[in-house]
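In: here you go, sequence then predicted model.
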Amino acid sequence: FWIRVNSVDIRRHCGNGKRPLMVPSYYSDPYKASILDGTRQGYAGMVAVVDEGLGNLTAALTAKNMLDDTVLVVSNDNGGWHGYGGINYPYRGGKITLWEGGLRGLGFVYFSGGIQPKSRTSALIHVSDWLPTLIAAAGGDVTKMGPKLANLDGVNQWDVLVGVSNSSS
(Lines give C-alpha, C1' and ligand atoms only; values in the text may rest on other atoms or scores of the structure.)
Protein backbone atom coordinates (compact mmCIF):
# COMPACT_ATOMS: atom_id res chain seq x y z
CA PHE A 1 0.00 0.00 0.00
CA TRP A 2 1.10 3.62 -0.45
CA ILE A 3 0.64 6.60 1.85
CA ARG A 4 2.11 10.06 1.53
CA VAL A 5 1.84 12.81 4.14
CA ASN A 6 3.16 16.28 3.36
CA SER A 7 4.10 18.94 5.85
CA VAL A 8 1.62 21.06 3.90
CA ASP A 9 -1.09 18.67 5.09
CA ILE A 10 0.13 19.02 8.67
CA ARG A 11 0.16 22.83 8.44
CA ARG A 12 -3.34 22.80 6.95
CA HIS A 13 -4.63 20.91 9.99
CA CYS A 14 -2.50 22.62 12.66
CA GLY A 15 -2.54 26.25 11.56
CA ASN A 16 -4.10 28.98 9.51
CA GLY A 17 -2.94 31.63 7.05
CA LYS A 18 -1.81 34.07 9.75
CA ARG A 19 -0.19 31.53 12.10
CA PRO A 20 0.90 28.51 10.06
CA LEU A 21 2.78 26.95 13.00
CA MET A 22 -0.18 26.63 15.33
CA VAL A 23 -0.20 23.37 17.24
CA PRO A 24 -2.24 22.25 20.25
CA SER A 25 -0.46 23.36 23.43
CA TYR A 26 -0.16 19.82 24.76
CA TYR A 27 2.37 19.20 21.94
CA SER A 28 4.39 22.40 22.37
CA ASP A 29 4.22 22.84 26.18
CA PRO A 30 6.84 20.14 26.92
CA TYR A 31 9.41 22.30 25.07
CA LYS A 32 8.86 25.54 27.02
CA ALA A 33 11.59 24.73 29.55
CA SER A 34 14.24 23.89 26.97
CA ILE A 35 13.31 26.18 24.03
CA LEU A 36 12.87 29.86 24.82
CA ASP A 37 11.67 31.03 21.39
CA GLY A 38 7.88 30.63 20.99
CA THR A 39 8.12 29.98 17.25
CA ARG A 40 10.62 27.17 17.84
CA GLN A 41 8.38 25.75 20.59
CA GLY A 42 5.56 25.56 18.03
CA TYR A 43 7.89 24.00 15.48
CA ALA A 44 9.04 21.41 18.04
CA GLY A 45 5.39 20.69 18.83
CA MET A 46 4.70 20.09 15.14
CA VAL A 47 7.62 17.67 14.98
CA ALA A 48 6.06 15.91 17.98
CA VAL A 49 2.81 15.60 15.98
CA VAL A 50 4.73 14.00 13.11
CA ASP A 51 6.48 11.66 15.58
CA GLU A 52 3.15 10.63 17.09
CA GLY A 53 1.70 10.06 13.63
CA LEU A 54 4.62 7.84 12.64
CA GLY A 55 4.16 5.90 15.87
CA ASN A 56 0.47 5.43 15.09
CA LEU A 57 1.26 4.35 11.53
CA THR A 58 3.90 1.81 12.56
CA ALA A 59 1.63 0.46 15.32
CA ALA A 60 -1.21 -0.02 12.82
CA LEU A 61 1.10 -1.71 10.31
CA THR A 62 2.42 -3.98 13.06
CA ALA A 63 -1.11 -4.87 14.20
CA LYS A 64 -1.99 -5.87 10.62
CA ASN A 65 1.30 -7.80 10.18
CA MET A 66 2.27 -5.43 7.37
CA LEU A 67 5.31 -3.64 8.82
CA ASP A 68 7.82 -6.27 7.67
CA ASP A 69 6.66 -5.75 4.07
CA THR A 70 6.73 -1.96 4.25
CA VAL A 71 9.38 0.48 3.06
CA LEU A 72 8.92 3.59 5.18
CA VAL A 73 10.53 6.79 3.85
CA VAL A 74 10.57 9.96 5.94
CA SER A 75 12.17 12.89 4.20
CA ASN A 76 12.00 16.63 3.79
CA ASP A 77 12.29 18.64 0.60
CA ASN A 78 14.70 21.36 1.70
CA GLY A 79 16.34 23.01 4.69
CA GLY A 80 14.29 24.68 7.40
CA TRP A 81 12.75 28.12 6.91
CA HIS A 82 14.39 30.59 9.29
CA GLY A 83 11.23 32.71 9.63
CA TYR A 84 9.24 29.73 10.88
CA GLY A 85 11.67 28.31 13.42
CA GLY A 86 13.99 26.40 11.13
CA ILE A 87 17.67 26.17 12.06
CA ASN A 88 20.09 24.55 9.63
CA TYR A 89 23.30 24.96 11.62
CA PRO A 90 26.12 24.36 10.76
CA TYR A 91 25.04 25.03 7.18
CA ARG A 92 24.53 28.46 5.68
CA GLY A 93 21.09 29.45 4.40
CA GLY A 94 17.66 27.93 4.62
CA LYS A 95 14.53 27.23 2.61
CA ILE A 96 14.38 29.19 -0.67
CA THR A 97 18.17 29.61 -0.77
CA LEU A 98 20.73 27.74 -2.84
CA TRP A 99 23.21 27.39 0.03
CA GLU A 100 23.69 24.02 1.66
CA GLY A 101 21.30 24.88 4.51
CA GLY A 102 18.56 25.40 1.93
CA LEU A 103 19.21 22.27 -0.08
CA ARG A 104 20.39 19.62 2.35
CA GLY A 105 17.71 17.55 3.98
CA LEU A 106 17.51 14.84 6.56
CA GLY A 107 15.48 11.70 6.46
CA PHE A 108 15.43 8.03 7.09
CA VAL A 109 14.32 4.84 5.41
CA TYR A 110 13.01 1.84 7.32
CA PHE A 111 12.75 -1.63 5.80
CA SER A 112 13.16 -4.57 8.12
CA GLY A 113 13.85 -6.87 5.19
CA GLY A 114 17.06 -5.27 4.07
CA ILE A 115 18.19 -2.04 5.69
CA GLN A 116 20.36 -2.53 8.76
CA PRO A 117 19.30 -0.52 11.84
CA LYS A 118 21.42 2.59 12.48
CA SER A 119 23.14 2.31 9.10
CA ARG A 120 24.18 5.53 7.37
CA THR A 121 25.18 6.61 3.92
CA SER A 122 26.95 9.73 2.74
CA ALA A 123 25.78 9.07 -0.82
CA LEU A 124 24.04 11.93 -2.57
CA ILE A 125 20.41 11.01 -3.11
CA HIS A 126 18.06 13.46 -4.80
CA VAL A 127 14.28 13.66 -4.47
CA SER A 128 14.02 12.60 -8.13
CA ASP A 129 15.66 9.28 -7.17
CA TRP A 130 12.72 8.13 -5.03
CA LEU A 131 10.49 6.94 -7.89
CA PRO A 132 13.00 4.57 -9.53
CA THR A 133 14.31 3.51 -6.10
CA LEU A 134 10.91 2.57 -4.69
CA ILE A 135 9.88 0.83 -7.90
CA ALA A 136 13.09 -1.22 -7.66
CA ALA A 137 12.34 -1.98 -3.99
CA ALA A 138 8.99 -3.41 -5.12
CA GLY A 139 10.78 -5.61 -7.67
CA GLY A 140 10.12 -3.44 -10.71
CA ASP A 141 12.29 -1.67 -13.24
CA VAL A 142 11.30 1.87 -14.15
CA THR A 143 13.03 1.61 -17.56
CA LYS A 144 10.57 -1.14 -18.53
CA MET A 145 7.45 0.83 -17.59
CA GLY A 146 6.96 2.59 -20.89
CA PRO A 147 8.54 5.46 -22.80
CA LYS A 148 7.39 8.20 -20.41
CA LEU A 149 9.36 6.67 -17.54
CA ALA A 150 12.32 5.32 -19.52
CA ASN A 151 14.33 8.57 -19.43
CA LEU A 152 13.82 9.85 -15.90
CA ASP A 153 16.45 12.03 -14.27
CA GLY A 154 16.19 9.94 -11.11
CA VAL A 155 18.51 7.02 -10.42
CA ASN A 156 17.68 3.79 -8.62
CA GLN A 157 19.46 4.06 -5.23
CA TRP A 158 18.11 0.85 -3.70
CA ASP A 159 21.55 -0.85 -3.63
CA VAL A 160 22.91 2.14 -1.68
CA LEU A 161 20.06 1.94 0.85
CA VAL A 162 20.38 -1.79 1.48
CA GLY A 163 24.19 -1.59 1.71
CA VAL A 164 25.12 -3.38 -1.52
CA SER A 165 26.81 -0.24 -2.85
CA ASN A 166 28.52 2.66 -1.05
CA SER A 167 28.01 5.33 -3.68
CA SER A 168 25.26 6.86 -5.77
CA SER A 169 25.23 6.09 -9.48
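Out: Ah, there it is.
In: quick check, pLDDT for the residue sitting furthest away from the middle of the chain.
Out: Ranked by distance from the centre of the chain (C-alpha atoms, centre = their mean), the top residue is Pro147, with 29.0 Å. pLDDT for Pro147: 84.
In: what do you get for Phe108?
Out: Per-residue pLDDT puts Phe108 at 86.
In: how far away is the residue farthest from the centre of the chain from Val164?
Out: As judged by C-beta to C-beta, to the nearest Å, Pro147 and Val164 stand 29 Å apart. Using the backbone N, CA and C atoms, a C-beta is placed for each residue, glycine as well.
In: also Thr70?
Out: Remark: distance between Thr70 and Val164 (C-beta to C-beta) = 20 Å.
In: neighbour-wise, which of these two wins?
Out: Counted by other C-beta atoms under 10 Å, Thr70 and Val164 do not tie: Thr70 has more neighbours, with 16 against 9.
In: ok, the more buried one - contacts?
Out: Applying C-beta atoms under 8 Å, 6 or more residues apart in numbering, we find Thr70 in contact with Leu61, Tyr110, Phe111.
In: where do the strands sit along this protein?
Out: Using DSSP state E, the strands assigned to the chain run over residues 72-75, 107-110.
In: of the ones you listed, which is nearest His126?
Out: Taking C-beta to C-beta, strand 72-75 is the member of the strands of the chain nearest to His126, at 10.8 Å.
In: work out which residue lies at the spatial centre of this structure.
Out: The structure's the chain has its C-alpha centroid closest to Ser75; by C-alpha atoms, centre = their mean the separation is 1.4 Å.
In: that one touches Arg104, doesn't it?
Out: No. Ser75 lies out of contact with Arg104 (C-beta atoms under 8 Å); the separation is 11.7 Å.
In: quick one: low-confidence parts of the protein?
Out: 1-21, 165-169 (pLDDT under 70).
In: can we see that at 80?
Out: Along the chain, the parts satisfying pLDDT under 80 run over 1-22, 76-77, 83-85, 113, 150, 164-169.
In: next, count neighbours for Gly72.
Out: Quick fix: residue 72 reads Leu, not Gly. Leu72: 16 neighbours (other C-beta under 10 Å).
In: next one: Ile96 from Asn78, what distance?
Out: Ile96 sits 8 Å away from Asn78, going by C-beta to C-beta.
In: whoops, I mixed them up, Gly53
Out: Taking C-beta to C-beta as the measure, Gly53 falls 21 Å from Asn78.
In: one more: Ile35?
Out: Taking C-beta to C-beta as the measure, Ile35 falls 22 Å from Asn78.
In: show me where this protein has helices.
Out: Remark: helices assigned in the chain by DSSP state H are 7-14, 25-28, 38-63, 100-103, 130-137, 147-150, 158-161.
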